[in-house]
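>>> turn this into a model:
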Amino acid sequence: MGNIVTTLKRFISNKNTVTILGVLLGIVVLYIGYNYRVNAAVQTVSIPYARNTLTSTTTITQDDIEYMEVLTSFVNNNQNVIRDINSLVGQLNSYCVQVGTSIPAGAFFYQEQVIDCRNISSNALDRMPDGYSAVSLEVNLQSTYGNSMYPEDYIDIYVRTTTEEGKLVYGQFITKLPILDVRDSNGRSLFYDSSSSGTPAILLFAVPNYDIEETNLYLLLSRATMLNNIELIPVPGNANYTAEVGETEVTSQYLRQIIENQTVTDIY
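Just a heads-up that it's a prediction; the model follows:
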């Protein structure tokens, strides 16, 4: 027994032996680490995606959902992708596609695209802030750029008219005007009423009903809609324009003066 212990001690204390054992240990660590990384890289998780295209305010149901195996790394790098079906089809409440967006067939669901249906009001006036009043503007498919204007978008209003000498006047009139709703010729919301025709005929705006730099925008815009020689043209911006902070305001005092010259501004 003593000889075996002595031999073992000599073997362990040998520098060559220590080197060999160190190399073998390093190989084992590298092997384990490599396998761990490979397994982690190819590990998949099942997440839901849209079976068919879902339009704005559509209620999401189980029939609208299928599942796809994707790499775990994809989910980890996209924290806003929805992986839990309970965030799409709840037992106690329903979920809808967010206003102003849609989810194409085959696409994943993202948190910013889904909203609790209880937070979507079918009455646009319920969403109008205090101190604002509604103004409507007749439009069509062409003037809304192929129905590219959505509730909660911010757009500009341009004016086209002519002077007494017959010269054309065209320019920006109001900026950052929020859209409350888009409706068809029967007054049904294109985004909140599934029975609508889908063809835009009316833009409904929320307009400040208080003086801004001595101008009541609600009264000014309402009067402009009643003048036969004044054409109001909605002009959209991009997504960044809607996201940028900015106040609704009159940008042309010249156009404001044209409108006020044709209306009575003081009735008190």
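>>> domain map for the protein?
For the chain, the structural domains run 44-119, 124-261, going by automatic domain parsing.
>>> dump the residue contacts of the spatially closest residue to residue 107 that is not a sequence neighbour.
Leaving aside its sequence neighbours, residue 107 sits nearest to residue 50 (Cβ to Cβ, 6 or more residues apart in numbering; 5.4 Å). The way it works is simple: take the backbone N, C-alpha and C, and place the C-beta from them, glycine included. Residues in contact with residue 50 (Cβ atoms under 8 Å, 6 or more residues apart in numbering) are 64, 65, 66, 103, 104, 105, 106, 107, 108, 109.
>>> same question, residue 203
Here residue 203 is in contact with 136, 137, 139, 144, 149, 179, 181, 182, 234 (Cβ under 8 Å, 6+ apart).
>>> and it, bridged to which residues?
residue 137, residue 182 (DSSP bridges).
>>> any idea how far residue 107 is from it?
To residue 107, residue 203 is 28 Å away according to Cβ to Cβ, to the nearest Å.
>>> what's the pLDDT at residue 254?
If you check residue 254, the pLDDT there is 92.
>>> not counting its neighbours along the chain, what's nearest it?
residue 171 is the one closest to residue 254 (Cβ to Cβ, 6+ apart), at 7.6 Å.
>>> by neighbours, which of the contacts of residue 203 wins?
For those, neighbours were counted using other Cβ atoms under 10 Å, and residue 181 has the most, 28 neighbours in all.
>>> on that earlier part again, which one of the domains of the chain lies nearest to residue 30?
The closest of those to residue 30 is domain 44-119. By Cβ to Cβ, the value is 21.4 Å.
>>> any regions of the chain where pLDDT drops low?
Low-confidence segments of the chain (pLDDT under 70): 1-25, 29, 31-42, 91-92, 100, 120-124, 194-195, 265-268.
>>> hey, where'd the strands end up in it?
For the chain, the strands defined by DSSP state E cover 44-50, 65-71, 95-97, 114-116, 132-138, 154-162, 168-183, 202-208, 211-212, 215-216, 231-236, 249-250.
>>> in the first one, what's buried?
If you call a residue buried by 16 or more other Cβ atoms under 10 Å, then strand 44-50 has these buried ones: 47, 48, 49, 50.
>>> number of nearby residues for the nearest residue to residue 48 once chain neighbours are set aside?
Once flanking residues are discounted, residue 48 sits nearest to residue 65: 4.7 Å by Cβ to Cβ, 6+ apart. Here the number of neighbours of residue 65 (other Cβ under 10 Å) works out to 17.
>>> i'd like the first residue to be 43 from this point on
OK, 43 is where the count begins now, so the last one is residue 107.
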